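Novice: Need a 3D model of the sequence below.
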Amino acid sequence: MARLFASARVVRRDEAFIRTLYEDHGQPLIAYATRLTGDRAAAEDVVQEALVRAWRNTDALAANAETARAWLFTVTRNLVIDRSRARASRPAEVAESASHDVVLGDHAQRVVDSMSVLAAIDALSEDHRQVLVQIYFHDRSVADAAQELGIAPGTVKSRSHYAVRALRVALERVAT
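Specialist: Now for the predicted structure:
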């Protein structure tokens with residue numbers, strides 16, 4: 001029973017010592033770790049780990065309280081170096097926004113878009129569809145399309161204008 005009370009006193013003493021260390025050195029440690037890491041959250045993690053290590057070595061630090069600050073700063077620097085080395089030895093982490101890029105690279109949307117365009121083209125009149133096929137799919141000039149279809153170049157221009165306008169209206173209906 002006496003042993004239990006003695007260990008409880010040691011734990012309370014150790015906790016009080018760590019609290020005192022944090023009160024005396026916590027803010028400068030966080031500022032130092034932030035300068036080293038460039039990230040406040042990472043700096044707080046490093047300082048927390050440094051204090052856990054101080055708690056594990058309470059007897060040694062309590063015996064020589066004058067060097068506790070130097071010890072904490074050294075441990076903090078070493079932890080930052082260890083984190084940096086560990087990150088360098090692992091493959092690069094993928095950011096959450098990278099998953100968005102994967103979705104952008106998905107071909108499913110292009111398939112849906114092409115199906116919508118084909119449906120809209122099918123809804124055009126035969127004359128308008130022929131002109132669009134000649135100009136946009138066969139990459140013909142107005143004169144070449146007119147010659148191929150056997151109509152005047154002005155008619156090709158007029159039909160292509162109205163065909164594109166009708167296509168735009170049809171695609172807007174599909175999109176909504």
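
Novice: From now on I want contacts and neighbour counts done on CA atoms only, so please keep to that.
Specialist: Noted.

Novice: Skip ahead from the worst-scoring helix or strand of the chain on mean pLDDT and say which helix or strand is next.
Specialist: Lowest by mean pLDDT, DSSP states H and E among the helices and strands of the chain is helix 96-104, with a mean of 53. Per DSSP states H and E, the first helix or strand lying C-terminal to helix 96-104 is helix 108-122.

Novice: Pull out the buried positions in the helix or strand following that next one.
Specialist: Going down the chain from helix 108-122, the next helix or strand is helix 126-132, by DSSP H and E. Neighbour-count burial for helix 126-132, counted by 16 or more other C-alpha atoms under 10 Å, picks out 128-132.

Novice: Kindly report the same for stretch 161-176.
Specialist: 163-164, 166-167, 170-171.

Novice: Equivalent analysis for stretch 42-50, please.
Specialist: For stretch 42-50, by 16+ other C-alpha under 10 Å, it's 42-44, 46-48, 50.

Novice: Put the alpha carbons of it into PDB.
Specialist: The C-alpha trace of stretch 42-50 is given here as PDB (Å, rounded to 0.1, in the frame of the first residue of the first chain):
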ATOM      1  CA  ALA A  42       3.500  20.100 -37.000                       C
ATOM      2  CA  ALA A  43       5.400  22.300 -34.500                       C
ATOM      3  CA  GLU A  44       2.800  21.600 -31.800                       C
ATOM      4  CA  ASP A  45       3.100  17.900 -32.500                       C
ATOM      5  CA  VAL A  46       6.900  18.100 -32.200                       C
ATOM      6  CA  VAL A  47       6.700  20.000 -28.900                       C
ATOM      7  CA  GLN A  48       4.200  17.500 -27.500                       C
ATOM      8  CA  GLU A  49       6.600  14.700 -28.400                       C
ATOM      9  CA  ALA A  50       9.500  16.600 -26.800                       C
END
